[in-house]
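Undergrad: here's a sequence, model it:
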Amino acid sequence: MFSVFNQDLEKVLDLLEPKVKFLLVNGDVMLERTPEVATERLKQNLQNVRSRWANIQKAAAARKSKLLEAVNQSEKFQDELTQAINWLTNIEKTLGNLKPVSRVLRTVGEQIKDHEVSAGSKVIKQICFSCLFRFVRV
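TA: Numbering: from 1, shown residues only. You can find the predicted model right below:
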């Protein structure tokens, strides 16, 4: 979507640039040929065209920059989201394959060690410890 919009905008600007330059060059030529009294308004008009064209080019460049930044951020977010979903899927599979929590203390200790190896994350360990201790207390 971004590339299509950006390409269309760049094509339009590329098509208009020679026309604007041609207009400005012809305007300058007219200024040289026209008596001094009649040139003031033409000078203002040409300056107005130059100024507006420069503003359009700056705005297009700024817009392109912002769009590129937005695309990069969304791609990064999508990559991180995919990694998180994959991690969650793997943890769900791992947790689904574990034996039920035992009420025998020695077995619970072994299950905690097995769980630490499979989880591999401090946050998951903390969550699992708190869940196990709640369950064992009941």
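Undergrad: what sits against Glu10?
TA: Ala60 (Cβ atoms under 8 Å, 6 or more residues apart in numbering). Every residue, glycine included, has its C-beta placed from N, CA and C.
Undergrad: so what does the host helix or strand of Lys66 touch, helix or strand wise?
TA: Lys66 belongs to helix 39-97 when elements are defined using DSSP states H and E. If contacts are counted by 3 or more Cβ pairs under 8 Å, 6 or more residues apart in numbering; DSSP states H and E, helix 39-97 sits against helix 2-33, helix 105-119.
Undergrad: run the chain-centre distance for it.
TA: 6 Å (Cα atoms, centre = their mean, to the nearest Å).
Undergrad: got CSV for the helices and strands packed on helix 39-97, with mean pLDDT and distance to Leu95 too?
TA: Formatted as CSV, those follow (pLDDT from 0 to 100; distance: least, Cβ to Cβ, whole Å):
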stretch, mean pLDDT, distance to Leu95
helix 2-33, 83, 39
helix 105-119, 74, 8
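Undergrad: just name the most buried of these.
TA: Stretch with highest mean neighbour count among the helices and strands packed on helix 39-97: helix 105-119 (a mean of 13; mean count of other Cβ atoms under 10 Å).
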